[in-house]
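Asker: 3D, please:
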Amino acid sequence: MNYAKIATLLATPHPVSGAWAENNAEAADQFNVDDIERNVKSVSGQDLLEAVVPTEYNGLSDGEKQLLLAIIGMGTIIVNATNTRTVLLNMFGSGTVTRDNLQKLQTETVSLATQERLGTIYEGHIQQAKAI
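Answerer: Below you'll find the predicted structure:
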């Protein structure tokens, strides 16, 4: 466990609440709760396929269907890349469920422990870090 990193994080404001709990168990919980939104680098073709509503897919032109299937077939899709994002969002109009689903694919919610690659934090980890 990287106690120095935990100690450093505890010495700065909590990124969501702005303050750390004084109780070690509660502070550990603050590390482990999924409350930080971050951009994802990529998603799988399966994730993209699952975001598409079949009836909205049926409304695409033949060319759009071919392009969408080609993108899904790439295997790994960088959803925040400008061209990919523009193409996908332009296929589905504003207010469609698919467009909303595609926008949701661009981010994920993680814990501070995950973001900092610390693993699960327990009360004892907080206690050790505070002793540094």
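
Asker: outside of the lowest-mean-pLDDT helix or strand in the chain, which residues touch it?
Answerer: The helix or strand with the lowest mean pLDDT-type score in the chain, counting by mean pLDDT, DSSP states H and E, is helix 82-91 (a mean of 88). By CB atoms under 8 Å, 6 or more residues apart in numbering, the residues outside helix 82-91 that reach it are 48, 60, 64, 67-68, 71, 77-79, 99, 102-103, 106. C-betas here are computed from N, CA, C, even on glycine.

Asker: what score does the residue sitting nearest the centre point of the chain have for pLDDT?
Answerer: Centroid-nearest residue in the chain: residue 108, 1.6 Å away (criterion: CA atoms, centre = their mean). With respect to pLDDT, residue 108 scores 90.

Asker: distance from the chain centre to the strand or helix carrying residue 8, please.
Answerer: For residue 8, the element it lies in under DSSP states H and E is helix 3-10. Chain-centre distance of helix 3-10: 23 Å, with CA atoms, centre = their mean, to the nearest Å.

Asker: what residues sit buried inside the following helix or strand past that helix?
Answerer: Using DSSP H and E, the helix or strand that directly follows helix 3-10 along the chain is helix 24-32. Neighbour-count burial for helix 24-32 flags 24, 27, 28, 29, 30, 31, 32 (criterion: 16 or more other CB atoms under 10 Å).

Asker: alright, I will stop here.
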